[in-house]
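Q: Need the 3D shape of this:
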Amino acid sequence: MATLRFVHAADLHLDSPFTGLAGSAPERVARTLRDATFEAYDAIIDLCIAEHVDALLVAGDVYDGADRSLRAQRRFVAGLNRLHEARIRSFVCHGNHDPLDGWEAGLAMPESCHRFGPEVESVPFDPADPSRGTVYGMSYPRQSVKENVARRFHRTEPGGVAIGLLHCNVGGNTGHEPYAPCTVADLEEAGMDYWALGHVHTAQILRAQSPAIVYPGNPQGRHPNETGPRGASLVNIDDTGRVTVESRALDVVRWATISVPIDGLGGIPDLLDCIESSISEALEAADGRHLLYRLAISGQGELHHDLQRPGLVEEIRSDRNDSIGLPFAWCGRIEDVTRPAFDRQQAVEAGDFLSEVLALVDAARGDPVAQSELAAGLDAFYAHDRARKYLKDARPTGDDFARLLTEAETLIAEYLA
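A: Sure thing, here's the model as predicted:
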């Protein structure tokens, strides 16, 4: 078995707008955001060339929509042409955001690129030496593919490495649309050595070997829920078939949520100092990238009453955004989730209606069944016909749901205390 080395990328969403930013950003920030998905893609191409890989595999959602822009198409093909000049092959499949029935400008792909059609195809990884391995893949013919298409994949070539290229939802990931749903067992049965997947935007390795099953995540976070490093996977399969996956951060702008508690702070000047210090730490953690952040002012204390002053929270946001540097740190929104000075334990022991409510919140925090019952009350809101496309990435789970519980408790306590 020959050694194979490739970059596995997915969910480029070229020309995607950034969402979740309150207010209008200055031109310098807006221009950076407009170009961020393109620059992250260019970084993928640069990585392929610098690492002297054999190929680039793109597992769907090259574009952000079926009505893809000409700018996005030209930029994508330009990157593939750079790979062609460097004698690096490329394999591309399309997903639910950029299905085959979407608009195309008819731009010619380089000879070294294979774009998969609506049926599963098998293509030599290296046409000059077919024994090195085979790439099996398919593209979405239309946006909504609810069939388990992983069951169509079967290893047919006995020699070399077998790689599956597919845009799908493994294991019913609730954070993404249930397109091409399948299970890890379905992927195992296909006989592949490596599954190059797309659709889930958070990088994860579902299985390390035999077969390796990998989501590289998207190369550029596009909204506040896509925090942390984003990039692509550098993959090496040695002559024994062992797979090594290295995640490379390639994003241009990084999203973060910064929490600043007011507990123990003496006044607004102390709060502003803490905010500035927290932003500096977040910028340092972003490794020289631009930072888009949401600020959550939390905790309990007398400052809560100051923050209720009309317009003060927005003034703090404007003040921070007036002094952005390079790389910039831009505040999209400030959430005030503070609570007034409140002896919670005394309220719990009071034996009144408020104490019963607080006991219910405490029970829900440690009881998944109770959390599920409370979350069910939100189903109608998040499934609303007109709203769900905007809310699909915002449904609260885990820490987000715990934060909602805390906010609900705060509101109830303020009204009843």
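
Q: any low-confidence regions in the chain?
A: 1-2, 20-24, 173-175, 388-395, 397-398, 417 (pLDDT under 70).

Q: these two touch, right, T410 and V357?
A: No. Applying Cβ atoms under 8 Å as the test, T410 and V357 come out as separate, 11.5 Å apart. Glycine gets a C-beta too; all of them are placed from N, C-alpha and C.

Q: Relative to R320, how far out is Y293?
A: Distance of Y293 to R320, computed by Cβ to Cβ, to the nearest Å: 9 Å.

Q: I misspoke; the intended subject was P118.
A: In terms of Cβ to Cβ, P118 sits 49 Å off from R320.

Q: Of the two, which one has the most company?
A: Remark: of P118 and R320, R320 carries more neighbours, 19 against 16, as counted by other Cβ atoms under 10 Å.

Q: Setting aside sequence neighbours, what's the nearest residue to that one?
A: C331 (4.9 Å; Cβ to Cβ, 6 or more residues apart in numbering).

Q: quick one, what contacts the one you found?
A: When contacts are counted by Cβ atoms under 8 Å, 6 or more residues apart in numbering, C331 touches Y293, R294, L295, R317, R320, N321.

Q: where does the fifth one fall, helix, sheet strand or coil?
A: When states are read from DSSP: H, G, I helix; E, B strand; the rest coil, the local structure at R320 comes out as helix.

Q: so what's in contact with Y293 and R320 at the same time?
A: Common neighbours of Y293 and R320 (Cβ under 8 Å, 6+ apart) are I279, A329, C331.

Q: Please name the bridge partners of the closest residue to the second one other than its chain neighbours.
A: Counting by Cβ to Cβ, 6+ apart, the nearest residue to A329 once its immediate chain neighbours are dropped is L291, at 4.3 Å. In this structure, L291 bridges to R254, A329 when assessed by DSSP bridges.

Q: same check, this time on R5
A: R5 has these beta-bridge partners by DSSP bridges: N236.

Q: Pretty sure it sits against L57.
A: No. Applying Cβ under 8 Å as the test, R5 and L57 come out as separate, 11.5 Å apart.

Q: Show me which of these two is the more surrounded one.
A: Set side by side, R5 and L57 show more neighbours around L57, with 28 against 16, by other Cβ under 10 Å.

Q: got the CA coordinates for stretch 402-410 in CSV?
A: What follows is stretch 402-410, C-alpha atoms only, in CSV (Å, rounded to 0.1, in the frame of the first residue of the first chain):
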residue,chain,number,x,y,z
ALA,A,402,-28.3,26.2,31.7
ARG,A,403,-27.8,29.9,31.0
LEU,A,404,-31.4,30.3,30.0
LEU,A,405,-32.5,28.6,33.3
THR,A,406,-30.3,31.1,35.2
GLU,A,407,-31.8,34.1,33.3
ALA,A,408,-35.3,32.8,33.9
GLU,A,409,-34.6,32.4,37.6
THR,A,410,-33.2,36.0,37.8
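
Q: List the buried residues of it.
A: Using 16 or more other Cβ atoms under 10 Å as the test for burial, stretch 402-410 gives R403, L405, E409, T410.

Q: which other residues reach it?
A: Defining contact as Cβ under 8 Å, 6+ apart, one finds that stretch 402-410 is touched by V337, R339, V357, L358, V361, A364, R365, L374, P396.

Q: Out of those, the closest to M109 would be?
A: P396 (41.8 Å; Cβ to Cβ).
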